[in-house]
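Undergrad: predicted model follows, preceded by the sequence.
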Amino acid sequence: MKFNGFTNEDFETFTIDGLDERMEAIRGRIQPKFHELGQALTDDLASLLQKEMFLHIAKHARRTVNPPKDTWLAIADNKRGYKQHPHFQVGLFDDHLFIWLAFIYELPNKEKIAKNFLEHLDKVVEITPEEYYVSLDHTKKDAKPLHEVDLKKSLERFRDVKKAEFLIGRHFRAQDPIVRDGDKLYEVIRETYETLIPLYKLSFDK
């Protein structure tokens with residue numbers, strides 16, 4: 001794998017004015033790294049989960065005016081798309097890198113997944129290290145450390161509010177040396193996914 005980590009220039013992509021200009025930088029700077037990193041992670045997840053997994057890279061195709069504030073890769077068990085399925089993400093905002101297990105609002109069975117998590121709340125807490133983060137909206141930066149979140153209330157909101165989401169994982173500041181070291185970052189992401197796999201599997205419980 002040729003992945004060398006992410007640089008200041010990669011994070012500064014999100015300060016570029018103009019949709020076309022920013023998208024050109026995303027395609028030129030970041031997406032080649034997503035391909036390298038994402039393919040390795042997809043192979044890892046397929047091996048760990050014992051099923052075929054597929055890499056998707058955000059195209060931001062619906063945007064016509066506003067440039068994206070972040071970009072990401074997603075890995076799901078569906079070849080055609082990822083938004084309607086539990087999926088793993090790695091992505092960048094201008095000031096941090098995120099690693100998520102993501103359950104976003106397009107999921108058709110949100111209520112069932114939330115119910116599974118609420119019924120096994122102790123297990124969710126037990127699986128997830130305290131330094132992990134939780135987000136209730138993938139479009140915003142304001143994720144919080146797990147120990148600052150009312151997990152039960154967050155999952156009830158995910159269950160009851162149509163647009164509510166639930167993402168759990170890790171954050172690293174843009175200045176963190178780990179994001180610049182491709183080998184170390186890859187290991188951290190892989191380790192994070194391994195930690196979260198029991199939650200991924202729990203989301204499929206009948």
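TA: On my side now, so go ahead.

Undergrad: quick one, phi psi at the residue nearest to Glu131 when sequence neighbours are not counted?
TA: Of all residues not flanking Glu131 in the chain, Pro145 sits nearest, at 6.6 Å (CB to CB, 6 or more residues apart in numbering). Quick note: C-beta positions are derived from backbone N, CA and C, even for glycine. For Pro145, the backbone dihedrals (degrees, to the nearest 10) come out as phi -60, psi 150.

Undergrad: test my guess that Pro145 contacts Tyr132.
TA: Yes: with contacts counted by CB atoms under 8 Å, Pro145 reaches Tyr132, the gap being 7.4 Å.

Undergrad: strands along the chain, start to end?
TA: 54-57, 71-76, 87-92, 96-103, 133-135, 144-145, 166-173 (DSSP state E).

Undergrad: restrict the second one to CA atoms and write it as CSV.
TA: Included here for strand 71-76 are C-alpha records, laid out as CSV according to Å, rounded to 0.1, in the frame of the first residue of the first chain:
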residue,chain,number,x,y,z
THR,A,71,-15.2,14.5,2.3
TRP,A,72,-14.9,10.8,3.0
LEU,A,73,-14.7,7.2,2.0
ALA,A,74,-17.3,4.6,3.0
ILE,A,75,-17.2,0.9,3.2
ALA,A,76,-20.5,-1.1,3.1
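
Undergrad: tell me which other helices or strands that strand touches.
TA: Contact here means 3 or more CB pairs under 8 Å, 6 or more residues apart in numbering; DSSP states H and E; on that basis strand 71-76 packs against helix 31-49, strand 54-57, strand 87-92.

Undergrad: what pairs with the second one, and is each one parallel or antiparallel?
TA: Yep, that's strand 54-57 we're talking about. Here strand 54-57 is paired, per DSSP bridges, with strand 71-76 (antiparallel).

Undergrad: any idea how far Gln83 is from Glu187?
TA: Check again: residue 83 is Lys, not Gln. 28 Å (CB to CB, to the nearest Å).

Undergrad: is it correct that Lys184 is in contact with Asp176?
TA: No: between Lys184 and Asp176 there is no contact under CB under 8 Å: 10.2 Å.

Undergrad: still on that earlier bit, ok, Pro145 and Tyr132, which is more surrounded?
TA: Tyr132 (22 against 12; other CB atoms under 10 Å).

Undergrad: returning to that earlier point: dump the strands of the chain to TSV, plus distance to Lys123.
TA: What follows is the strands of the chain, written out as TSV (distance: least, CB to CB, whole Å):
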stretch	distance to Lys123
strand 54-57	27
strand 71-76	23
strand 87-92	19
strand 96-103	14
strand 133-135	16
strand 144-145	19
strand 166-173	13
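
Undergrad: nearest to Gln31, out of those strands?
TA: strand 54-57 (5.7 Å; CB to CB).

Undergrad: how distant is that closest one from the center of its chain?
TA: Offset of strand 54-57 from its chain centre (CA atoms, centre = their mean, to the nearest Å): 12 Å.

Undergrad: what's that strand in contact with?
TA: 31, 34-35, 38-39, 41-42, 72-79, 81-82, 87 (CB atoms under 8 Å, 6 or more residues apart in numbering).
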